[in-house]
Each structure stands twice: as C-alpha cells, then as structure tokens.
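K.L.:
Sequence and predicted structure below; questions after.
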Amino acid sequence: MRIGIINLNSGNLLSIVSAFSKTGNEVVVLDKPDSNFDVLVMPGQGRFGFVADQLNKNNWREFILDWIAQDKLFIGICVGMQLLFESSQEDTGAKGLAIFTGEIEKLDFPKTPMVGWAQLNSVDENSNGNFVYFVNSFGVRNSEFCQATVNYGNDFCAIVQKDNVYGFQFHPEKSGDYGLQLINETLQGVAACQN
C-alpha cells in the first residue's frame, strides 16, 4: 500500500511519517497532488485559517474533494480533522472541506490549550478506554459521525468517521501502542476493501 502524507507546512511530519512507516507500507510526503497512492493523510497543527489557506495552494482542496468522492481512504489528524468540517470559530472567514456538517468551536477547557493524555469513550470496544494524546484548544462538540468522545471540561469528538473518511482530533502518531494499533486497523480496513 502507498500512503501519501500531505505537506501543508503546518506540523511535524517526521513523527507522522515514522508512525505510518511502522505499518510496513511505503510512505511519501507530498508537496503537490498525486493520485498514485492508496491512502492520503492530512496532518495539521496551528491555526485553522492558516491550514485552510494552504489547502488552496497547489489545488489541494479540489484534489482532496475528488479523492474522497472516489471512495479512497482519507485520514485527517488534529487540525486536519477540523478541516473536514465547514468552518471554525478560530478563523471565521476560513472555509473547511465540508465533508462533515458543523463548525469547530472554542472548547471550555480547564486549561487551554489541552495538552496531554485523555481517555476515549466509544461504543467501539477496541477504542473505548484507551488513552490518546491531544494538543488542541478547538474541536467539534458533536457530530452524527462521532465515533468516540473525550471529556476535558466538556465532551467533544475525538474520532469521526464517514465511509472512507476518518478524522482523529488527537495525535495517533504520539499515542503510543494504541495509536499505532489504530493506524494499522484503519489501513487494514481499506486493504480488506481492495482485496
């Protein structure tokens, strides 16, 4: 399987590449759209508006929407997950990809930003109870496609999934053994569909 990591100039790509490489698949960092891959991963750190602006460069926005429309696996991480929604209170003029309906909100955390480990609450037995690593101040409070939540002052979505699109508000690449397990399970799902 070939995995393309989208470079939007907004995060530490090294840890993402390292984690996905541990699956035994070929991993390539992409500066420009390239359809010769099985999976696309969109990491993002920092401001919603900056990363949304990066989507408009090199025609990433249109390419990603077309990719998802072709039922190919797409994974958004951290701000990369937030960009799967329509908009964000962080930068009100910036537009997300609108794969999911809803707005990213500033969350009422005991301490901002939220930095550290939190426990997933999920109907999925493989996810429920596992601890994952977060760095965020914004998130989506609820979505019909929410697969797991976390409570840190208030509940918010940690995992969203709709067909071939997965979003992780946390950093699976920094979430220890479970994070690597989650990456593997997500990739195995697409591999099973291809066989």
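P.N.:
Thanks, I have the structure now.
K.L.:
just the strands in the chain please.
P.N.:
For the chain, strands defined by DSSP state E occupy the ranges 2-6, 26-30, 39-44, 73-78, 87-88, 103-106, 114-119, 121-122, 131-136, 138-139, 146-152, 154-162, 165-168.
K.L.:
how close does Asn151 sit to Phe134?
P.N.:
Distance of Asn151 to Phe134, given as CB to CB, to the nearest Å: 12 Å. No exception for glycine: its C-beta is placed from N, CA and C like everyone else's.
K.L.:
Of these two, which one has the most company?
P.N.:
Counted by other CB atoms under 10 Å, Asn151 and Phe134 do not tie: Phe134 has more neighbours, with 23 against 11.
K.L.:
Once you drop chain neighbours, what's closest to that one?
P.N.:
Leaving aside its sequence neighbours, Phe134 sits nearest to Phe170 (CB to CB, 6 or more residues apart in numbering; 4.8 Å).
K.L.:
That neighbour and Lys72, how far apart?
P.N.:
Taken as CB to CB, the span from Phe170 to Lys72 is 23 Å.
K.L.:
neighbour count winner among the two?
P.N.:
Neighbours per residue (other CB under 10 Å) separate Phe170 from Lys72, with Phe170 holding more: 27 against 17.
K.L.:
For Gly176, give me its contacts.
P.N.:
Gly176 is in contact with 131, 133, counting by CB atoms under 8 Å, 6 or more residues apart in numbering.
K.L.:
Tell me the pLDDT of it.
P.N.:
Model confidence at Gly176, given as pLDDT, is 95.
K.L.:
got the CA coordinates for stretch 59-73 in CSV?
P.N.:
What follows is stretch 59-73 as a C-alpha-only set of coordinates in CSV (Å, rounded to 0.1, in the frame of the first residue of the first chain):
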residue,chain,number,x,y,z
ASN,A,59,-5.0,22.8,-5.9
TRP,A,60,-5.2,20.6,-2.8
ARG,A,61,-8.8,21.5,-2.0
GLU,A,62,-10.2,20.3,-5.3
PHE,A,63,-7.9,17.2,-5.4
ILE,A,64,-8.9,16.1,-1.9
LEU,A,65,-12.7,16.5,-2.6
ASP,A,66,-12.3,14.5,-5.8
TRP,A,67,-10.2,11.9,-3.9
ILE,A,68,-12.9,11.4,-1.3
ALA,A,69,-15.7,11.3,-3.9
GLN,A,70,-13.8,8.3,-5.4
ASP,A,71,-14.2,6.4,-2.1
LYS,A,72,-10.5,6.4,-1.4
LEU,A,73,-9.3,6.3,2.2
